[in-house]
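Participant: Quick one: sequence and predicted model below, then my questions.
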Amino acid sequence: MISRRGVLASAVGVTAVAALTACSPEVTNLSSTPTPTEPATATPVAVCKTSDIPVGSGKKFDVDGVQILITQPRADEFRGFSAICTHAGYVMNNVANSEIKCDNHGARYSAEDGSVLSGPAPRALGKVNVIVEGDQILVSF
Ligand code: FES
């Protein structure tokens, strides 16, 4: 069986049933790069409030064991990505100035679209669908 963690790493459009298990930022280290995983559904899960995500920054959340980042690159524009660095699987939790930085080897990603700004990351971050309902942020993947 393939882990849920790999769903995000494998990309956009793959969905998974996810339940929120934590809403506070934390840093976790993974020892390997995620691999593709099971298909899933797109039941949106509430993650946090819009006010929890500062403009230009972001936070990491654990959604049913899946590590994601929610960012707000510009006021009232929210984005979601896998928090797993595509270089060596480090779980990232450093978002500032609309960039996501991997503290392991220094890769930088855009907090707007997850694209690689500088290596050694080989590819963009997997995207997470973000839905804003009132002051709530929900995600599905
Ligand atoms: S694990 Fe992120 S840059 Fe190496």
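Facilitator: Right, received. Where do you want to start?

Participant: near the ligand, which residues of this structure?
Facilitator: 85, 87-88, 90, 102, 104-107, 120-121 (CB under 6 Å from any ligand atom). Glycine gets a C-beta too; all of them are placed from N, C-alpha and C.

Participant: redo that, cut-off 5 Å
Facilitator: Neighbours of the ligand within the chain, by CB under 5 Å from any ligand atom: 85, 87-88, 90, 102, 104-105, 107.

Participant: Give the buried subset of those as a PyMOL selection command.
Facilitator: Command for PyMOL that selects the buried part of these, burial taken from 16 or more other CB atoms under 10 Å:
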select buried, resi 85+87+88+90+102+107
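
Participant: could you dump the residues of the chain next to the ligand to CSV with pLDDT?
Facilitator: Shown next, in CSV, are the residues of the chain next to the ligand (pLDDT from 0 to 100):
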residue, pLDDT
C85, 98
H87, 98
A88, 96
Y90, 97
C102, 98
N104, 97
H105, 97
A107, 98
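
Participant: Okay, helices next: where are they in this structure?
Facilitator: Secondary structure of the chain by DSSP state H: the helices cover 5-10.

Participant: hang on, the earlier thing: would you mind checking which of the residues of the chain next to the ligand is nearest to S57?
Facilitator: For the residues of the chain next to the ligand, the closest approach to S57 (CB to CB) belongs to C102, at 15.8 Å.

Participant: wait, what's in contact with that closest one?
Facilitator: 85, 87, 90, 92, 94, 108-109, 121 (CB atoms under 8 Å, 6 or more residues apart in numbering).

Participant: what about 7 Å?
Facilitator: Each residue near C102 by CB atoms under 7 Å, 6 or more residues apart in numbering is listed here: 85, 87, 90, 92, 121.
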